[in-house]
Each structure stands twice: as C-alpha cells, then as structure tokens.
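In: sequence and predicted structure, then a few things I'm wondering about:
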Amino acid sequence: MGEIKPPTGEPGGPAAAQREYLSDDPRDIGWVRQNVPCQTACPAGTNVPVYIREIIERQYGRSYETNREANVLPGILGRICSRPCEDQCRHGWPGNGEPVAICHLKRVAADMKDAGHRITESLYSPTGKRVAIVGAGPAGVAAAHDLSLLGHDVVIFEREERAGGMLRYGIPEFRLPRDTLDIELHNALRLGVQMRTGAEIGNGEGQIPMAKLEQEFDAVLLATGCIAASPLPLQGDWEKRELRGMEGVEYGLDFLVQMHRGVKKVVGKRVAVVGAGFTALDCARVAARLGAQEVTIHIRTAEEYIPVTQEEIFEAKREGVRIKGLRTPVGLTAEGNRLTGIEFVQNRLGGWRAGGRRQAIPIEGSEFHEPCDTIIIAIGQQTVNDFLGTKLELDRWGNVRVGEDGMTSHKGIFAAGDYVNGASTVIQAVGHGRKVAKRIDAWLMGRERRKQVVRIVPVEQPLRERAFDFIPRQHMPTAPLGERMKDGKHEVELGLDETLAFEEAKRCYLCNLRYQIDVDRCIFCRACIEVAPRNCIKLVRGVEVNDDGAYGKLLETKEWNQVGAIWIDNNECIRCGQCFKACPVQCISISRCELTEVEI
Amino acid sequence: MANAKNARHHIVIGSGVAGSQAAETLREREPDARVTILTLSSLLFYNRYDLPKVFRGHRDWREFLAFPAEYYKDYRIEVRRCSRVAGVDGSRRSITLEHKEEIRFDTLLVASGGRGYIPEELVEFRPLMHPFASYTEAVTAASVVPDRGHVIMLGGDMIGLDLARTLIDTRHRVTLVAGPQTFWPHEVTDDERPGLIAALENMGVEVVEGADAGGIASIEQGAKGLSARRVLFKDGTELYGDVVMPFFGLSPSVEFMLGSGTDIERGLLVNPALRTTGEGIYAAGDVCQIWSDAEKRYRFFYGWKNVRAMGDLAARNITGGDEPWVPAQDEQLHISDDGKIQSPFWEYE
C-alpha cells in the first residue's frame, strides 16, 4: 500500500477536462488499467470501449481501425479469440448480468466495414535495418506488421506453402474461413513485408541455416510456435510403446495440419478425443464432419474447467459431440496393430494448478474400458528447437528463455509467441509479437521511440441510457445443422446482423468514461446518491495511492465531519449517467480516457 | 438447549421429494433449528409422479399438493416460493437470490433436482415442444392436446413412458421416436431392447426408431388445416401430431452452484455421506453424483424411493450422523408375465 492522500481532485479533473489532452500521469494510466478491465485483460491491449462505441455510431471502418491499432487481425480474432476480455467484462460481474459479446462485435467491425475501406497506418521513415522473422503465424505476422511500420525491412521465412501458421493449418475452416484469413494476412503484410513460404530453417538439405539469417539480418525473431503434439502418457505395457503408426491413432495437431495440407483424413465410426482445449474440440467437430457416428471428448476434470468458450462447447454438442469427464487414459486396447479401445482411470477433482487449471487425481482401482476405433490425442503442444543450429538457453519446459528485452541468450536473436510461452492463444501470440517487435525496434535504434499515454477527451453528456443495462446478450446466429455438416468448410457462426450488433453494442458500459465530481462545486445534496443504481457514489475521507502512483482504495466514511469529498467509485459505476442528469449544479463531468502511444 | 440466537440455520434448495423429506428429518432431529426451503416453484411440494393425472381431467393444483400448508406451519419449516438462487458462496456460507437478497446458512442442502434435458441439436426447436416437468407445464400440455389427440413423444425416458401409459389409457394416440434415451435411467442392453420395444408396442405405443430415419432434422409448426406439429426426419419421412413432448432424461440443475467452491461434473459430486467438497454443503436427489465404492465411479441414483432416502440421509448427516448412502430401490426393468413393462421408477407412495 502506498501513501494516503486527501481527495484534492484528480489529474485530468473537471477543470482540466475542458479540452482534449494527453497525459502520462501514472494516476491516469493506472485509472485506465483499473477501470477498463476488458482492455487490461486483452493481451494485445485492444481498446474495446472505443471500438464498440464506434459500432453504435455505425462507423464500422473506424471501429476496424481502432482494433487494428492493437490487434492487426480483427477479422480473425473476431471469430476465434479465446476472449479473455469477456471473462473480465464489468457487465459480467456478479449482479450485472452477462458479459458483452466483445468478440462478436469485433467481427462486426471487420465484416461490416465498407468493401473499399481505406486502411490507416502511421509509417516511419526507412531505418535501413533488416529483420528476419521465422514463422508466419499470429506472433510472427503481428511483429512483422509493427516492425515494418517502424521502418525496418522485414522478411518472413515460413516452412509451409502458405502464411498463417496455426491459423491456417490448425484451425478448421468452419471456424475461420480462409478468404477472411487471406484478407487479414494481406492487410497485415502489405507494407513491404517479404514473405518467403516453403522456406524451412534448419541444417538439412534445402534448408536455410540460422547462421545465414544472422549474417544477413540485423535481428532475427523466432516465432515458430508449438508445432509438435505432446505425447500421451500411458502406463504399464503402453508406457514406452510408440503409438504413431498404430491404426486408429492420431495426434490432434498433426491430424489438423495434415488435413489442411490437403491430406484426406479418415476416422472410424466411434471416435474418442482425449484433451480439453480448442484443438480437442476442433478435432471432435472435424471427426463429426468426416462421418463418425459417435464422437466423445474425454477430459480429466469437468466441463466447467475446460478452457474453451461455452458457445464452442454448445455448438460441438449440437453437432453430436459428447463430453465425458473425470477420466484419464492409462492404456489402450488393440487387436494386432488396430486400436479397439481405451483404458481409463476414474478421477476425482483435486486442488488448483498454477495457471488456474483444476487438478485431476486418479482413483486407484477404478480402471474401466471404453471401445473406440479412432483416438485423437490432443492434450497439448510443444516447441521444437532442433532447427536452430545455434544453442539457445531453454527453460524447464523446453521453451526458449528470453530476457526482459525479448532477446534470447544469443545476441540479436529474439523470440515471441508460443515459441516462448508454450501453447497459448492466438490473441496472446499477437500481443506478445507486438510487444517483442517494440523491443526489437528499441534494440535496433538504441532507444525507445514510443511511449504509452492517456488521451483524455471531454464528453458533454452521458453516452448511455439506463435502459441499455437491461438488454440481454444477443446470441450469435449459427448455420442450420444440415448445412454445416455437409462439408467441412461451411462457417458455423454467421455473424451478428446490424440490428443485433447495435443492440449488443449498446450493452457496453463504456468503462473508459470517467465520471468525476468537482468537490469545489458540489453542494452535498446527495441527489446523485439517491438516483445511483448501485453503491457507486461514496462519501470519502481520503484515497489510497498505490505504489505505481495510481489511485487505490477509497477510504469511506459515514461521519459528515470527516467527509473530504463525495466520490464516484468508477469500479462500481456502470456509466448509466443518472448522477450526471440528477446533479442540480452540474458539478459532475465526464471524460473519455484512452490508452494510446505517442512518439518520444 | 439452543435458543433463537444460537440455533443453526439449515437451508434446503429445492422443494421436491428429496428437499421436502430432508426438511422434515431436519426438523425432527434438530427441533430448535431454523429450517428454510427455497424453491423456484410457486406451489408447495407436489409429487411430479402424479402429473399424468392432468390428462385424466385433474387440473386443480390443490389435488397435487403432498401436504397442506398447515404441515409446514406445524413443522416450523419456512418455505420461500418463487425464489431463484443466483449464487452460493461456500466460504461465506451465504446464498444470493436473484433479487439480490443475501441469506446466511450454517448448513446447506442442495436438492434442486433436474430439469428435462433436451439434446443440444434440438434446442432451437424448444419453443415448439411441450415439456412435462412441472405442474404448470403438465397443465399446459394437457390443455393443447385435443380429446383422443396425437402425442409425439421424443426420447422416451421412464417419466415419458409413465405418461404414455396414461395417454393410451385415456385414448390418446402416442408415437414414440425412440433413441438412446429411451428407458432412461435404465441402462438397457442391445439384447434387452427389442423385447422392451415390443412390450411398448403391445401397450399401444407406436414406435419409430429415430436413428433409422437418420435422426430428427426439424420440428415445425403444422400448416393450417393440418396437425399442430410436424417432425421431419433426415431421410425425408415425417410425423404429424398435436403436440411434441421431449423426454430425454434429466439434466441436473446446478448452474447456481458454479463458483460456489463445490466440485461439479455433471451434477454436484458428493461422497457416500452426501457431503459435497464445500464445507457444510450437502446434496441429495437428482442433482448429485454419489461416489460408489463398489463401482469406483460417481453416479446418479434416480427414482422416488432413492431420492427420498437421499433427502433423509443428508438430513441425518447434517445433524451429526455419518452414514453412507445405500440405494433404496432396485434398478431393473422387467416385463411381467402378461407382457407389460414394470419399472421400479414408476413406484411411489
């Protein structure tokens, strides 16, 4: 806890908020981080309230550009994001209802912008520096985009025939149409990024050695992701047996990658998928489309704890996929080389693992058998380092170790995305790719060239109405089952139409609006408190200041002789505007606070 | 002896067979305790096994009540009807109702039962189906089926087949679209199934195997002059009826327990003493999966006798007991000598 200050007014307070200005005051930066939970939760730092507000104004192109400032692939993430923002959305807090469909609205911005939409990019002068990026997945593409904006010459080396990495080779088309993927990648890389596909880094014949990249480029960024499927740990006779090559055994990642390379995949009538992430769910849904009659996902814990969205689970179930919990595979059964089933052990739920996942504890003597003709193993992915040739320090999980500056133990070689962090999500990869790009730029140029500030814009009146708080979450329309199962490509989610999008966008509290009371003008009439729908306006004697300079806990009091101010608790505030309308002396002001970057 | 200040507050969520039995046992074993039942229903405890009677013309809700209102007064059981639980905080031992009221408890018994499960592929047709899980739903369904009307029954769990007996008896036409949930919760083997289906047909139920027709493609409103509902199968065949009723078994009502600190798989996971992993929180009835030492797995136990016994056991363990669960009824499905299906799940007092 930091120092305690009496409430003497805030930076960017009513007096200052008569005009738009930029602030690097830690209290303002801290305010945004504390009060705009969706943006803080987004690994790329997407300015969610602003792009949603632009959808309300039907400025779809501008909304798309607002997205692109943080996340260069909005059309993609608007379809397949894991949505950490929605988990933190204030509308989803206890008593407030369901979170805003932030991800679906991102897609609205991408899908509804004009066909001839003009992309906005702020370009720096050429620096003469050259950067090689290994891997054209989300981290590599995001970094390439930002580095090229910063004036560097960027070349991406991609071993596959086409760019996109796991976006193209790991995610089925019914979740991410390839025309959308192509457009978004093209938009991201059109600023002169050279894409060399079919170019594999390594020491074998026809491969490009890392040493050559080091010679020819000023910096190298490794963004090869996690491209090896994790093996299934079994017990007894199966512990050391090689499962690859067994008839009916597939590894989820390889299964999807091969399918997207054009290999015809076949599954049996009864398919068992082992795993609990997006890859497992994708494999199960692909198996259903390939004609499996019974598809079951077997998970170690319970459905409540699997890290995929409820909507994905529901759609998979609609397609006939079943989920069975509390079981861990311990062996297989086979006739010759052909799989006939899986031996499981029953689990009970244990404590929590690091990273917020639930533990599963096997129950001794509870083994049971389930027959199947195909098992798809999708329990995780790992990095591969054998292409390097250069020895880099690795962590205990085999991921490359990087410093604060994003650099590996080898000077000039940086790493980003899943290759550093292990298997994560697309938005995490995009966010990390951008972050490392900034550090590469600082290293190449010898200084930071951009810094974060808060743009504070006065707002004349509340942008919301109280009635908006009671609009239910609008649900994503989906393709009828008959249509979607005809082939493996028919997109399942159809997107919100303009009416649904408008209704959903109105639900956003616009948490970036800061409501403040001018203590000097307040007459303490309590009119604002009377109309407040929540306990959001408080009598305080002081406010704690955190170590980072941001405001912390409010020190409330009920004793009038101790009241230093009447204060809007922006954490509780749902930006309904009732207090603003009720104030008889107009001492409440509203300002919009947005994180942005400026040149140093 | 406890007084009003130190008397424990036992809350029971759910006023079905398990919840009501538990409340009664709690009162008997702890006379000074405060016992509160929270229920979504607007009615006091009624027996859902009696609901088929609505097709025999019994529509007065008073006929269905298990106990008169005085019973609750005499037993000092507070029943709060129309109360939707929004969340449970196990660490603070508090319940939040949908209207934001917070209620503290010393012990909590979750006996919220299950709601009729509808397979996800049919969820979009929910508005065109008539469920039969509550008094209100039963009366609504009965009011839309004309005299000697045609009921299309999907799934055919034992609750639905119980209703089918009444419907046949009251000269309605019943077509069952059979599938994996037919005879639920009985686990019927492939060898047993043809004989049981034949017994249903002997009973007067027309049976269509849903899988033979490729499964249901859609449920639609019938056109003018035709029956009210049309069930279209993927092979192009169709069925017309006055009402479509889903009977696919039960799905535990546990949503409000998410985040409570108790373990959930499909239902609340409990040990043989019906304790959840949340301190002071128990579960009974169709909402819980009980650890079975014999079978080495968590499993549901259904049926009126089982559910009532669970309510009683949970209450005894809440009030100091430590007894393990022992099933109170067998689970075998039989065909009697005269060719009729006999199920222990149809037996109740």
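Out: Ah, there it is.
In: need the residues of the stretch 401-550 of chain A near chain B, please.
Out: Within reach of chain B by CB under 8 Å from any CB of the partner chain, the stretch 401-550 of chain A has these residues: A:L481, A:G482. Yep, even glycine has a C-beta here, placed from its N, CA and C like the rest.
In: again, 10 Å this time
Out: A:T478, A:P480, A:L481, A:G482 (CB under 10 Å from any CB of the partner chain).
In: buried residues, stretch A:491-511. List them.
Out: A:491-493, A:495-496, A:500-501, A:504-511 (16 or more other CB atoms under 10 Å in any protein chain shown).
In: just the ones of these in helices?
Out: A:L500, A:A501, A:E504, A:A505, A:K506, A:R507 (DSSP state H).
In: show me the helices in the stretch 51-200 of chain B, by range?
Out: For the stretch 51-200 of chain B, the helices defined by DSSP state H, counting those that start in this stretch occupy B:69-74, B:135-144, B:158-169, B:193-203.
In: any stretches of the stretch 351-500 of chain A with poor pLDDT?
Out: For the stretch 351-500 of chain A, applying pLDDT under 70 flags the ranges A:390.
In: strands along that one, start to end?
Out: A:358-371, A:374-377, A:381-382, A:413-415, A:450-459 (DSSP state E, counting those that start in this stretch).
In: partners of the third one in the sheet?
Out: According to DSSP bridges, strand A:381-382 forms sheet pairs with strand A:228-229 (antiparallel).
In: mind checking the pLDDT average for the strand it pairs with?
Out: For strand A:228-229, mean pLDDT is 92.
In: residues in contact with that strand?
Out: The contact list for strand A:228-229, computed with CB atoms under 10 Å, 6 or more residues apart in numbering or on different chains, reads A:244, A:250-257, A:275, A:279, A:377-384, A:386, A:398.
In: quick one: buried ones out of those?
Out: Burial by neighbour count, judged by 16+ other CB under 10 Å, picks out A:250-257, A:275, A:279, A:377-383 from those.
In: helices of the stretch 301-450 of chain A, start to end?
Out: For the stretch 301-450 of chain A, the helices defined by DSSP H, counting those that start in this stretch cover A:310-318, A:418-421, A:426-445.
In: so which residue is smack in the middle of chain A?
Out: For chain A, A:I427 is the residue whose C-alpha lies nearest the centre (CA atoms, centre = their mean; 3.3 Å).
In: wait, what's in contact with it?
Out: Neighbouring residues of A:I427 by CB under 10 Å, 6+ apart: A:41-44, A:46, A:70-71, A:73, A:76-77, A:80-85, A:103, A:138, A:142.
In: may I have the beta-bridge partners of A:I537?
Out: Here A:I537, judged by DSSP bridges, has bridge partners A:I568.
In: what's the distance between it and A:Q516?
Out: A:I537 sits 11 Å away from A:Q516, going by CB to CB, to the nearest Å.
In: what residues are shared contacts of these two?
Out: In contact with both A:I537 and A:Q516: A:W567, A:I568, A:I588, using CB under 10 Å, 6+ apart.
In: just the pLDDT for the last one.
Out: To tie it back to what came earlier, the one meant is A:I588. Per the predicted model, pLDDT is 95 at A:I588.
In: for the second one, same thing?
Out: pLDDT, the model's per-residue confidence, is 91 for A:I568.
In: what about it, how many neighbours?
Out: 21 (other CB atoms under 10 Å in any protein chain shown).
In: mind giving me the domain split of the chain?
Out: Went with chain A since none was named. A:130-227+A:383-448, A:229-379 (automatic domain parsing).
In: looking at chain B here, not the other one
Out: B:9-113+B:253-318, B:117-249.
In: which ones are touching the spatially closest residue to A:L500 that is not a sequence neighbour?
Out: Taking CB to CB, 6 or more residues apart in numbering or on different chains, and ignoring the residues beside it in sequence, A:L500 has A:Q474 as its nearest neighbour in space, at 4.5 Å. Each residue near A:Q474 by CB under 10 Å, 6+ apart is listed here: A:100-101, A:104-105, A:496-497, A:499-507.
In: the same query, at a cut-off of 8 Å, please.
Out: Counting by CB atoms under 8 Å, 6 or more residues apart in numbering or on different chains, A:Q474 makes contact with A:A101, A:H104, A:L496, A:L500, A:A501, A:E503, A:E504.
In: likewise B:E323?
Out: B:E323 neighbours (CB under 8 Å, 6+ apart): B:A273, B:L313, B:R316, B:N317.
In: that one - that's part of a strand, no?
Out: No. If the criterion is DSSP: H, G, I helix; E, B strand; the rest coil, then B:E323 is coil and not within a strand.
In: so what does it look like in phi/psi?
Out: According to degrees, to the nearest 10, the main-chain angles of B:E323 amount to phi -100, psi 150.
In: quickly list what the residue nearest the centre of chain B is bridged to.
Out: By CA atoms, centre = their mean, chain B has its centre lying nearest to B:G114, at 4.7 Å. Under DSSP bridges, the beta-bridge partners of B:G114 are B:P252.
In: pretty sure it sits against B:L250.
Out: Yes. Here B:G114 lies in contact with B:L250, judged by CB atoms under 8 Å, at a distance of 3.0 Å.
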